[in-house]
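Trainee: sequence unknown, structure follows:
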């Protein structure tokens, strides 16, 4: 709990072994806790949302709350906002109010929940959501917010939503959900502690997004204008610093294929290989995220080497074709998945891998690669066409400086992402103990 002390204050918690517990259908709980059904803490008040089409979001109008608007962190997503296409008088009865919580009632999102927050403004909830209005005189709504994030709740959802067709839970079934009911002041204290951890997570998330925006701007500037240049020249790829060169990618190296001749029985054991997602998600290969495949003796498969650049060959949109990643670790025996191809530089005297990591993820090169995408429902990248693109080549020392600057920013993002992960693990551990009474709070 050392990391958590600064967040919640160690004086707020106690492992009280003197507490007495009782056996219930939800396991052992403190003797002064109760178990109630969701309908009891909401006075039986539940309602389905409005069935109406969505329309383009209009400022100063209520936002339409759909299942897809609720994120995995149980907060609203900022993207793809919509308004509801219905009469103003009709939608008034579907406004969410303080202490209202909604649950998804059908499909793969069944069980997902959102507790209304005033900062989200006026919200009209949609028909695939069920609303319960929590009686805050007997139950703290924020306690319920965290309770329905627990493993117990999601196991209940899994069992309750089983259907012969699409998964679903109706209002009667949600009403029967058993919830733990500590004394109200204890509920409020537990909710306050978990809310504090959530605030730290949100602050850390905001910092990560801020640094990512900084990196985006830096990349755009450094990869096209370099560091401290005042004189520029016109080239076939636009204006670049006068001491930079332009090279055709195919002149700098050659491509090779990933794994071939494999079936599903070959995977899951054997030698390590780089999976597609590792390349798609990362500008630098995460050496800790590898899959395995059986490679027989004398089998002719291409091995990966330090400095190789990898490209994804296909995607559902042109914008995501040809995502690149570079391996910056020395490896002994490592292979490449069959849905990507590798590019091996002839040498590191013209282009260094550390700079290539950012160059091929920059806006200008990404636009060029996207234009090469071929297809209608699924888009593919031709290796031959990729080798024809021209790229800017700064002097080696400047490549190193640019790579160093952007790498420092990446390191900072990674530090905050690690901090966020620790906070999420802290919250998960606290929820497991606080929401079951294994750890009591001091009132």
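Mentor: Here it is on my side, so go on. Keep in mind that what you see is a predicted model, and the values were worked out from it rather than measured.

Trainee: from now on I want contacts and neighbour counts done on CA atoms only, so please keep to that.
Mentor: Fine.

Trainee: now do the phi/psi pair for residue 132.
Mentor: phi -120, psi 130 (degrees, to the nearest 10).

Trainee: number of nearby residues for residue 346?
Mentor: 12 (other CA atoms under 10 Å).

Trainee: my guess is it contacts residue 252. True?
Mentor: Yes: between residue 346 and residue 252 there is a contact under CA atoms under 8 Å: 5.9 Å.

Trainee: so residue 315 sits against residue 321, correct?
Mentor: Yes: at 5.3 Å, residue 315 counts as touching residue 321 under the criterion of CA under 8 Å.

Trainee: looking at these two, which is more packed in?
Mentor: Taking neighbours as other CA under 10 Å, residue 315 and residue 321 compare with residue 321 leading, 25 against 18.

Trainee: quick check: pLDDT value at the more buried one.
Mentor: Per-residue confidence at residue 321 stands at 91 (pLDDT).

Trainee: now it. Its backbone dihedrals?
Mentor: When read as degrees, to the nearest 10, the backbone of residue 321 gives phi -80, psi 140.

Trainee: list the contacts of it.
Mentor: 312-315, 369-370, 373, 379-381 (CA atoms under 8 Å, 6 or more residues apart in numbering).

Trainee: with residue 302 instead?
Mentor: 256-259, 335-336.

Trainee: let's see 10 Å
Mentor: 256-260, 333-336, 342 (CA atoms under 10 Å, 6 or more residues apart in numbering).

Trainee: quick check on those: which are buried?
Mentor: 256-259, 334-336, 342 (16 or more other CA atoms under 10 Å).

Trainee: quick one: the residues you listed as TSV, columns for distance to residue 243, pLDDT and secondary structure too.
Mentor: Below are the buried ones among the contacts of residue 302 laid out as TSV (distance: CA to CA, whole Å; pLDDT from 0 to 100; DSSP: H, G, I helix; E, B strand; the rest coil):
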residue	distance to residue 243	pLDDT	secondary structure
256	32	97	strand
257	35	96	strand
258	36	96	coil
259	40	95	coil
334	37	97	coil
335	37	97	strand
336	36	97	strand
342	29	97	strand
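
Trainee: just these now: which is nearest residue 135?
Mentor: Using CA to CA, residue 336 is the member of these that sits closest to residue 135, with 56.6 Å.

Trainee: tell me how far that closest one lies from residue 238.
Mentor: 34 Å (CA to CA, to the nearest Å).

Trainee: strand partners of the longest strand along the chain, parallel vs antiparallel please.
Mentor: Longest strand in the chain by number of residues (criterion: DSSP state E): strand 267-274. Each strand paired with strand 267-274, and its direction, by DSSP bridges: strand 291-293 (antiparallel), strand 335-336 (parallel).

Trainee: hang on, the earlier thing: residues shared between the contacts of residue 315 and residue 321?
Mentor: Joint contacts of residue 315 and residue 321 (CA under 10 Å, 6+ apart) are 373, 378-381.

Trainee: select, from those residues, the two members most distant in space.
Mentor: Once CA to CA is applied, the shared contacts of residue 315 and residue 321 give 378 and 381 as the farthest pair, at 10.4 Å.

Trainee: more neighbours: which of these two?
Mentor: The residue with more neighbours, out of residue 378 and residue 381, is residue 381; 23 against 13, by other CA under 10 Å.

Trainee: surely that one meets residue 372?
Mentor: Yes: applying CA atoms under 10 Å, one finds residue 381 in contact with residue 372, separated by 6.4 Å.
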